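In: Sequence and predicted structure, then a few things I'm wondering about:
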Amino acid sequence: MSFARKLAAGAAFGALAFAFSAPAVYAQQTTAAVRGVTVDDKGAPIAGVTVTVTHVPSGTDQVVVTNDAGAFDARGLRVGGPYKITATGQGFASQTLSDLFLNVGDAQRVRLALVPATELSEVVITAAKKATTSQLANVGSRTTLGRDEIDAVVSVKRDIRDIGRRDPLANLDFVARGTGPSGGLYIAGSAPRANRITIDGVRSADSFGLNTGGLSTNRGPVSFEALEQVAIQAVPFDVEDGDFTGGALNLIMRSGGNDFHGSLFSNERTTRLVGNQLPIVGFTNNDVLRAPLSGFRKVKNQIAETNYGFFLSGPIIKDRLFFAASYEKFSSSDTTGTGPIGAGFANTFNRIPGVSTGAGASQADIDAVLANWNGYAASSLLKPGSVALVKPILDEKSSIKIDYNITDNHRLSATYRHAFSSVWKRSPSATSISLDSNWYVQPENEDNYALQLNSRWSPDLATEARVAFRGYQRGQLPPVGQGFANVSICTDPAFGAGAAFSCSSGVPSIGFGPDQFRQANVLKTKDTSGSFVANYTGFDNHQIKLGYQYRGMEIYNLFLQAARGVYYFDSVAEFQAGQANQLSYGNSLTGTTTDAAAVLDYKVHSLLAQDTWDVTDALTVNFGVRWDRYAADKKPTLNTNFVNRYGYSNQTTYDGIDVLMPRVSAKYNSDWFELSGGFGLVSGGLPDVFLGNSYGGTTGALTNSFAIRRATNGTLSTADDTFIDPATNQAIDAATGNALLTINKASPSFITSPAAVAQTLLTADSASRRNAYTNSLAPGFKMPADWKTNLSFKTTQFGIDWGIDAVASWSETNVAFRDARARRLTVNGVQQLTPDGRVRYDGLVIPGANAAAINASRTALGLPVVANADLANLGLFGDIQAYNPSTKNWTRMVALSARRNIFGVDTWAAYTWQDGRQYGGISEFGTTAGGNSTGGNYYADQGFDMDPNGAAKGKSNNLLRNSLKVNLSYKLELRPGWVSRFTLFGERRDGRPISFLMTDPAGGRNPTFGVSRDDALAYIPNLNSPDAANPLKFVSASGTTVFFDSQASVDKLKALVNQFGLPMGKIVPRGFGKNPNVDRIDFQYAQEIPSPIRGHSLLFTVDVQNLGNLLDKKWGVVKEYTNSRSGGVVVNAQCARADGTAAGSADPTCAAYRYSYTTASPATLATPTVDQAASLWSVGMGLKYRF
């Protein structure tokens, strides 16, 4: 039969029409499907037609027979292709549809019109062009990238997050963050730790939640070479999709076929291929009232990156058993920013008084101070180390995947993945000479195993069964190990030269030995999951899905601060004499650190049901419901002191929580457009550190800690051996103090454990032990859940593929944090307020030798008296509790995208608008609930306005109002096989919101607000209207009075108000400010070079990250004001009397605010941080051999 006749027949009978199913899941599904119907030339359904779906590379067939309605359904298919579909029916010519490619989780629909056998014997149709046009691959709320698109992604770091940012609704954070790998991916306004990342169905995100980037390893857990397809979706609605409130990033690994394919690759980056000029920011003499600095500075980079690996796939038994394997290794170096003078560092340590002769401290100067360490016997156990200019960065990952076609109807796949990364963490600065025994290496290991069976039991019934296991370990390992104390030496030559327990201004301290957080720090998690899902198509136009999913988590987290001790020497002379001036120590009450580990587990059982109804050929609707039930066997250790305080326990867990999640979605196809949408409830995906905070040391029942200082009446002294506990200001007897702070230099034991009396202090029934801070879940706590909706419109008009997508979400159940120990401040029964009307809590420190004396003074002041003597003064510690507030979060986004080939250039562009408001929530960078510090935790990162123990509702921290993305790709083949590809990807987006804060310089549970947090939204007085009689006094129309300590402070605040445009006479709303816009242009040139061997080629690539910065050093610079999501401090504020004098810590008066810059630095807020790695251009060069 001639080709022309085949083509004519296809046109005459309308042989093929495509339509796509309702939106499907992309985060947990790992396969694809084909659904369809066979009809005769009059449109009547044909039953009994044999349909064979063949994966061409592997020869894998799935054979189904159409039912009475002419429908067929083939499931559990490999992702990708090409596929061919052959339909054969008695009395009809066979029809073959070829070159069909399938996306993960998608059920592609086909309509096959068969021709009577008397007219034709065979109809062959190519599907590739039609499929590509219909899918609009890069347009809409779902973005799917296949193998070719993955190769074209510009990624110097070969990081999967660079793939994710191709989605219009996704944005990548370029800024380096301190708590883990940077580069968090924000999908439709969600924070990175709310997203779910899966690889072949196995969760591969940082489920515990310590890494700000959301990944389990530094550069991603899988090699680019191992990926077949990547799907990014903002709003999955399928009932299989669970355990998330953010977006979904689903990666499918490549499988083997009947032919051997593979690649060998190598990528390099050197110092010469990285920019070295950054803008100078700041102010003359670090004074915000002086002229801003300008110009550029050269930075020193030492880069020698190597990255190599391979991919290999092929048959073990042709048509039956296949394999695919990958390996990748990356090694580089990280430059230390500050070090000894004359050693090649970009920044140098300040000079050591009486030792340094130059402008800074040299290694010889440091060694001269450390020579005193040789007089300690402990020097044989702990070597202080040095300051290395560079430290290695390592990353390694490997995978193997086996596919076994047991029969045509049963396919088994098994996957193993391993990922390892290692980076060094350290923070030396001009005034902190941190030696490398004080640093630590952070290794992360991840191992994943998965087994999946896809079965076709009958033409109407298909099942998928999967089991998976993930093991993860994260270390924080000082090079000397975790079993040593930390030693800090102020390099002032004489005792007491600086302020209490700190050096004179600008004088550096020397630190060695593991820091307080790295003396007992271990994390291990195990994640076991399984699922069984059945799909039944025996009903006309209905596909019924029923399933069960299971996930079990086991967590071991040991985290104790100062478990071996932290010693501070106030001068070189004190260090030489062995006279420590402070010791901080914390441990379990048994003395064995592991007894305070958080050991917990929980399980999630999920039942799901869904009906996919083909209402018409053009309209498909999904109705479904998912039910999650949580169970937990282990409870936090009971804290009886907590029970005594509140009358309920601290043992609330996830046990018994259930969430019912209804979902509905639909898709309609016409000849010229596609409209889809959905609505449903999603829940889960909280980082496990959130629950882990309620266990172990933070129960307040397993540990205790103390600090002891040498002091007399608050004045430092070493002569009279008087000692105090700075937390309570209570005296400690001289024998105990000397045993802990007067070091026996002849004994090495102090460097591994303080004197035995330290454990006696910990275990004593003391107020500090009874008042130990706690973290817990509030009774009746519910799992956070969000309603999400999505509407997507796609069409092709005027030769352009258009897409309009709208996404909205709002919380059904929110989460926030409060301090249960906080108590409102009343005087004679009247609630006290700050001058701008905020509720005040009791942070007063009333003097008294004991609780009775304190309470007598409280009564005299009209303050309430509590029965619990330990809480007469609340002190620093708190009981931080996660609860479900009534205030809700919401986010909405709209994206417009377009794609067209313009003179051979594949052009794609997208504009996205976003808005949102947040209350409470899991902060992006927080890893603790809070209770023993004022910042860097969930409680203290919420921001507050009128209620210091609540949260402020305002702009989301990750709100990016406007963003624009453009992708240009051009292929050129000047000679056969010599294919050149040019790809340019650029984006411009608004900077993130900034909140402006004020803090009480007293810190801790301060007397102004009475809470242990430093995130009060700032009140700005009307600085243009000072009081006529007092230029330091400002009174608003509402009566709020603010005094300043000096005219200089007035001028500094004015400078900040002018720079950021802050509103006056009111509290500055959360997220009022905006960071500078972010611009990034990346470019890739790829040149394919054919080999004399057929099917073999070389590929040479050049990836340019931040092309704009390469062209002009002013472009592409990434700046942020304040690296904290909670905000930046504008001014110090404390309560004042009516005459403007500070009220003090024991006076409930707060007639006015008194503003100053006691601890706040206006220049710090006004000076943006320039991120070096994100701002400098960088070029990576690669060579790949493919066959």
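Out: That came through fine.
In: Give the other helices and strands that the longest helix along the chain contacts.
Out: Longest helix in the chain, counting residues (DSSP state H): helix 1047-1060. Packed against helix 1047-1060 by the contact rule (3 or more Cβ pairs under 8 Å, 6 or more residues apart in numbering; DSSP states H and E) you find strand 1128-1136, strand 1152-1156, helix 1162-1166. All C-beta spots, glycine's among them, are computed from the backbone N, C-alpha and C.
In: Distance from the second one to the middle of the chain?
Out: This means strand 1152-1156. For strand 1152-1156, the separation from the chain centroid amounts to 37 Å (computed by Cα atoms, centre = their mean, to the nearest Å).
In: got the buried residues for the longest helix of the chain?
Out: Neighbour counts over helix 1047-1060 (16 or more other Cβ atoms under 10 Å) mark 1049-1050, 1052-1057, 1060 as buried.
In: Can I get it in CSV, CA atoms only?
Out: C-alpha atoms of helix 1047-1060 as CSV (Å, rounded to 0.1, in the frame of the first residue of the first chain):
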residue,chain,number,x,y,z
GLN,A,1047,20.5,63.8,68.5
ALA,A,1048,22.8,61.4,66.7
SER,A,1049,20.3,58.6,67.3
VAL,A,1050,17.6,60.8,65.8
ASP,A,1051,19.7,61.5,62.8
LYS,A,1052,20.5,57.8,62.3
LEU,A,1053,16.9,56.8,62.4
LYS,A,1054,16.0,59.6,60.0
ALA,A,1055,18.7,58.2,57.6
LEU,A,1056,17.1,54.8,57.7
VAL,A,1057,13.6,56.2,57.3
ASN,A,1058,14.8,58.1,54.2
GLN,A,1059,16.7,55.1,52.7
PHE,A,1060,13.8,52.6,53.0
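In: tally of neighbours for Phe539?
Out: Residues near Phe539, counting by other Cβ atoms under 10 Å, number 14.
In: Now that we're looking at it, what pLDDT does it have?
Out: Looking at Phe539, its pLDDT reads 88.
In: Rebuild the helices and strands packed on helix 1047-1060 as JSON lines, extending it with distance to Pro292 and mean pLDDT.
Out: Output for those, formatted as JSON lines (distance: least, Cβ to Cβ, whole Å; pLDDT from 0 to 100):
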{"stretch": "strand 1128-1136", "distance to Pro292": "17", "mean pLDDT": "96"}
{"stretch": "strand 1152-1156", "distance to Pro292": "23", "mean pLDDT": "98"}
{"stretch": "helix 1162-1166", "distance to Pro292": "9", "mean pLDDT": "91"}
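In: For the residue nearest to Glu554 when sequence neighbours are not counted, name its beta-bridge partners.
Out: Among residues not flanking Glu554 along the chain, Lys526 sits closest, at 4.3 Å (Cβ to Cβ, 6 or more residues apart in numbering). Note on Lys526: beta-bridge partners by DSSP bridges are Gly471, Glu554.
In: Determine which of the helices and strands packed on helix 1047-1060 approaches Ala361 most closely.
Out: Closest approach to Ala361 among the helices and strands packed on helix 1047-1060 is made by helix 1162-1166 (23.7 Å; Cβ to Cβ).
In: For that closest one, which outside residues touch it?
Out: When contacts are defined by Cβ atoms under 8 Å, 6 or more residues apart in numbering, helix 1162-1166 is touched by residues 282-283, 286-288, 996, 1052-1053, 1055-1056, 1059, 1121-1122, 1128-1131.
In: buried subset of the residues you listed?
Out: Among the contacts of helix 1162-1166, those scoring as buried are 282-283, 288, 996, 1052-1053, 1055-1056, 1121-1122, 1128-1131 (criterion: 16+ other Cβ under 10 Å).
In: With respect to pLDDT, which of those residues ranks lowest?
Out: On pLDDT alone, Thr1122 ranks lowest of the buried ones among the contacts of helix 1162-1166, at 83.
In: So for that one, what's the nearest residue that isn't a sequence neighbour?
Out: Using Cβ to Cβ, 6+ apart, the closest residue to Thr1122 is Gly1128 (3.5 Å).
In: what do you get for Arg158?
Out: Distances taken as Cβ to Cβ, 6+ apart place Phe224 nearest to Arg158, at 5.3 Å, with adjacent residues excluded.
In: so who does the one you found touch?
Out: Phe224 neighbours (Cβ under 8 Å, 6+ apart): 150-151, 153, 155, 158, 160.
In: ranking those by neighbours, who comes first?
Out: For those, the largest number of neighbours (other Cβ under 10 Å) sits with Ile160, at 25 neighbours.
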